[in-house]
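Student: coords below, sequence missing:
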């Protein structure tokens, strides 16, 4: 005799799978929005010679005054966590 899942349990598991996918999409969109916002407001974006190293310490401080990205822990990287 084969064991079959009842329709409500299959429906619930399908809904849970869909909710996890939606959560993943929303998390990825949130990350992309934060990343774009950080890149658009970075002081380096508005410098003429942004590929050159800073000439003095005050210029260095100005360039690093924007939000810094934090690397995830080794455990987070193993799970595929993005830089935030």
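Tutor: Right, received. Where do you want to start? Just so you know, these numbers come straight off a predicted model, no measurement behind them. Numbering: from 1, shown residues only.

Student: ok, residue 63 - how many residues close by?
Tutor: Each residue near residue 63 was counted by other Cβ atoms under 10 Å, and the total is 15. For every residue, glycine as well, the C-beta is placed using N, CA and C.

Student: so residue 72, which state does it fall into?
Tutor: Classification of residue 72 using DSSP: H, G, I helix; E, B strand; the rest coil returns coil.

Student: just checking, it touches residue 80?
Tutor: No. In terms of Cβ atoms under 8 Å, residue 72 does not count as a neighbour of residue 80; the distance is 9.2 Å.

Student: so where do the helices sit in this protein?
Tutor: Secondary structure of the chain, counting by DSSP state H: helices at 7-41, 57-63, 74-78.

Student: and the first one, what's buried?
Tutor: Same thing as helix 7-41. For helix 7-41, the neighbour count (16 or more other Cβ atoms under 10 Å) marks no residue as buried.

Student: how much space separates residue 10 from residue 18?
Tutor: As defined by Cβ to Cβ, to the nearest Å, residue 10 lies at a distance of 13 Å from residue 18.

Student: now for the two: what residues contact both?
Tutor: Common contacts of residue 10 and residue 18 (Cβ atoms under 8 Å, 6 or more residues apart in numbering): none found.

Student: so which of residue 72 and residue 80 has more stuff around it?
Tutor: More neighbours surround residue 72 than the other of residue 72 and residue 80, with 14 against 7 (other Cβ under 10 Å).

Student: what's the pLDDT at the residue lying closest to the more buried one once chain neighbours are set aside?
Tutor: Spatial nearest neighbour of residue 72, excluding adjacent residues (Cβ to Cβ, 6 or more residues apart in numbering): residue 81 at 4.1 Å. With respect to pLDDT, residue 81 scores 71.

Student: quick one: residue 81 from residue 39, how far?
Tutor: Using Cβ to Cβ, residue 81 is found at 19 Å from residue 39.

Student: equivalent analysis for residue 79, please.
Tutor: Residue 79 is 25 Å from residue 39, where distance means Cβ to Cβ.

Student: so residue 63 is in contact with residue 49, correct?
Tutor: No. Residue 63 is beyond contact range of residue 49, at 11.5 Å (criterion: Cβ under 8 Å).
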